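Undergrad: Provided below are the primary sequence and the corresponding predicted coordinates.
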Amino acid sequence: MKWSVLRTAAALLVTAWSSLAGGQFVDLLQLLPGEANVLVVLNAEKIFASPLAVKEGWRQRYEESFAAAPMLLPPKAQQFVLAAKLGLEFMEPQWEVAVTKLSRDPTVAEVAKRVKGDIDRIGGAEAVETPRGGYIVKFAPNTFGLMVRADRQAASRWVSAARASTSIQLAPYLKEAAGYAENLGTEIIMALDLRDVVQAEDVRQAMEQSAAMKQSQVDLDALSALLSSIQGVTLGVTLSDKAFGKLKVDFGRDAAILKGFAKPLLLEILAEAGAAVDEFADWKEQLDGNRLSIEGYLTDSGLRRLFSILEIDSSAVDPDEPKSGDQAAATAPAGSEETKAYTSRQYFQAVSKYLRDLKLERGAKSVGQYGLWFEKYARKIDKLPILNVDPELVDYGQMVSNYLRDAVTAIQGVGIRSGAREAQVYNQGYVSANYSGYGPAARVGVGGWRVYGGYSGYAEAYFNDVDGQRRAIRAEERAKGAASARDVMKEITLATNQIRRKMTERYKVEF
């Protein structure tokens, strides 16, 4: 909407309610660009202190446990906010900006040494240009900003505007979402502003083909008006020994018309977008005024998937030297067999954890339901540190990321092939209806025609069959794409088993 906009909405969804009054996050929020349509607010101190984070070791340094935490936060972070401009069709960030407050105050020189970057000055502030083209800026003692997917000019303009800002410039929906962390203490907030994005006509066309709507007698015009009034989506997560999430979708009008099919429609949108999150199937649904919400528990895997939409790695602002959890590796010289065994094992375990996240779980009918995450996880693998990692293992990691992208290509090709084949069927039916009968034809509804004159019954039945053929084509192409992606995953599994055995034998350590 097209249709992918509602899918995007479903992929990030919602919780929280109140307004931003002022407090620990305000100074950081003022530094974010007002053009953002995505906001993430993390109360890092509460996150790291939660029983779940302590048990899982989320505060460990990134070099120690690449995939231990579902988000890449500096171990000494206190608060963290992130804004991004997300391209809604493919859910690709056009740019990302993060600002974090640390419990210590590293110098710019320390940060530059950590990331092997060049010291610079942009927008009147000390900065570091990273080897990958990002910029790290020191706004104040203990306060750092990061910008990725931007050139020096864009970064400089952001820094200049941020330093001059005296108020929060974010869209009202994102500003409201920030208040949930500020006033309610919610540890994790992710919000997506969707106001004025969706067109009612596009929504109606999608609803006419929705499997969740087949048995519903709802007025499609009224439903389309509701869905096109969407304001945004927000996901809130609180942490104890488990992660509990609440996902809400906010509309500009009463959402009562969704009663009876709201959750099935939401899950269908996620599945078709390749953005399935297994836990959502068990979440409880609630309709309240202009809001649809679902709530329930999230696994680490679910959290990682949601955070993989954004790609910024804020661990770069913590310049402490990594302390290995393996004492032998910690005291061994760089490049030694002990160090290589440790770092290689950490690398392999990170890749393995990402692959486990991508495997089909409970309610999944097709690997295509996870297609969105394949590209995101390929990038996560590409960004894993490779210093002192066995070269053959690095080659394996590159092969895995390439295979994941092959799976994405197979899944994305479904829509292209379906569209081409459906267009051919539709055009053939159109010609037959106009020229097979003895009278002029008139179209009534979607997929049905009436011909005035001879053989009118034949023409109408033919076009109803065309609609069935189009549904069959979509199902067939989805099956082909899923099968291709499934074959790719089998190849990855085989390669993983082989490299695990080889590395275990080589380093005499269980991988």
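TA: Cool, the structure landed.

Undergrad: can you tell me the element the closest residue to Ala410 other than its chain neighbours falls in?
TA: Distance criterion Cβ to Cβ, 6 or more residues apart in numbering; nearest residue to Ala410, sequence neighbours excluded, is Ser484 at 3.6 Å. All C-beta atoms are positioned from the backbone trio N, CA, C, and that covers glycine. Assigned by DSSP states H and E, Ser484 falls within helix 456-507.

Undergrad: the residue nearest to Ala410 contacts Gly371, doesn't it?
TA: No. Contact criterion Cβ atoms under 8 Å: Ser484 and Gly371 do not qualify, at 11.1 Å.

Undergrad: any idea how far Trp95 lies from Glu35?
TA: 9 Å (Cβ to Cβ, to the nearest Å).

Undergrad: the more surrounded of those two?
TA: Trp95 (19 against 14; other Cβ atoms under 10 Å).

Undergrad: how far away is that one from Ser50?
TA: 30 Å.

Undergrad: helices along the stretch 101-250 of the chain, start to end?
TA: Remark: helices assigned in the stretch 101-250 of the chain by DSSP state H, counting those that start in this stretch are 108-115, 152-164, 172-184, 200-207, 220-227.

Undergrad: out of those, which one sits most buried?
TA: When you average the neighbours per residue for each of these (mean count of other Cβ atoms under 10 Å), helix 172-184 leads with a mean of 22.

Undergrad: please name every helix or strand in contact with that one.
TA: helix 26-29, strand 38-42, strand 188-193, strand 232-239 (3 or more Cβ pairs under 8 Å, 6 or more residues apart in numbering; DSSP states H and E).

Undergrad: low-confidence stretches in the stretch 151-300 of the chain?
TA: Applying pLDDT under 70 to the stretch 151-300 of the chain picks out residues 273-274.

Undergrad: rerun at 80
TA: 182-183, 214-215, 269-276 (pLDDT under 80).

Undergrad: the stretch 351-500 of the chain too?
TA: In the stretch 351-500 of the chain, residues with pLDDT under 80: 357-372, 408-486.

Undergrad: again, 50 this time
TA: Under the criterion pLDDT under 50, the flagged ranges of the stretch 351-500 of the chain are 360-364, 416-417, 420-421, 428-464.

Undergrad: and the strands in the chain?
TA: Assigned strands in the chain, in chain order: 38-42, 77-87, 92-102, 118-122, 125-129, 135-140, 143-148, 188-193, 232-239, 243-250, 284-288, 291-298, 441-443, 449-451 (criterion: DSSP state E).

Undergrad: most neighbours per residue, which of the ones you listed?
TA: strand 188-193 (a mean of 27).

Undergrad: and that strand, what does it pack against?
TA: With contacts defined as 3+ Cβ pairs under 8 Å, 6+ apart, strand 188-193 has these neighbours: helix 4-12, strand 38-42, helix 172-184, strand 232-239.

Undergrad: reformat the ones you listed as JSON lines; add distance to Lys101.
TA: Shown next, in JSON lines, are the helices and strands packed on strand 188-193 (distance: least, Cβ to Cβ, whole Å):
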{"stretch": "helix 4-12", "distance to Lys101": "24"}
{"stretch": "strand 38-42", "distance to Lys101": "11"}
{"stretch": "helix 172-184", "distance to Lys101": "13"}
{"stretch": "strand 232-239", "distance to Lys101": "19"}
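
Undergrad: looking at these, which is closest to Asn142?
TA: Nearest to Asn142, of all the helices and strands packed on strand 188-193, is strand 38-42, at 16.1 Å by Cβ to Cβ.

Undergrad: what's the closest of the helices and strands packed on strand 188-193 to Phe261?
TA: Closest approach to Phe261 among those is made by helix 4-12 (14.0 Å; Cβ to Cβ).

Undergrad: if I look at Leu220, how far off is Leu287?
TA: Remark: distance between Leu220 and Leu287 (Cβ to Cβ) = 19 Å.

Undergrad: now Val488
TA: 39 Å.

Undergrad: ok, now Leu235?
TA: 18 Å.

Undergrad: Ala154 and Val97 touch, don't they?
TA: No. Counting by Cβ under 8 Å, Ala154 does not reach Val97; the two are 10.1 Å apart.

Undergrad: shared neighbours, these two?
TA: Met147 (Cβ atoms under 8 Å, 6 or more residues apart in numbering).

Undergrad: any chance of the strands of the chain in a markdown table, plus distance to Ala410?
TA: What follows is those, written out as a markdown table (distance: least, Cβ to Cβ, whole Å):
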| stretch | distance to Ala410 |
| --- | --- |
| strand 38-42 | 28 |
| strand 77-87 | 22 |
| strand 92-102 | 19 |
| strand 118-122 | 40 |
| strand 125-129 | 37 |
| strand 135-140 | 36 |
| strand 143-148 | 28 |
| strand 188-193 | 27 |
| strand 232-239 | 28 |
| strand 243-250 | 29 |
| strand 284-288 | 33 |
| strand 291-298 | 28 |
| strand 441-443 | 36 |
| strand 449-451 | 36 |
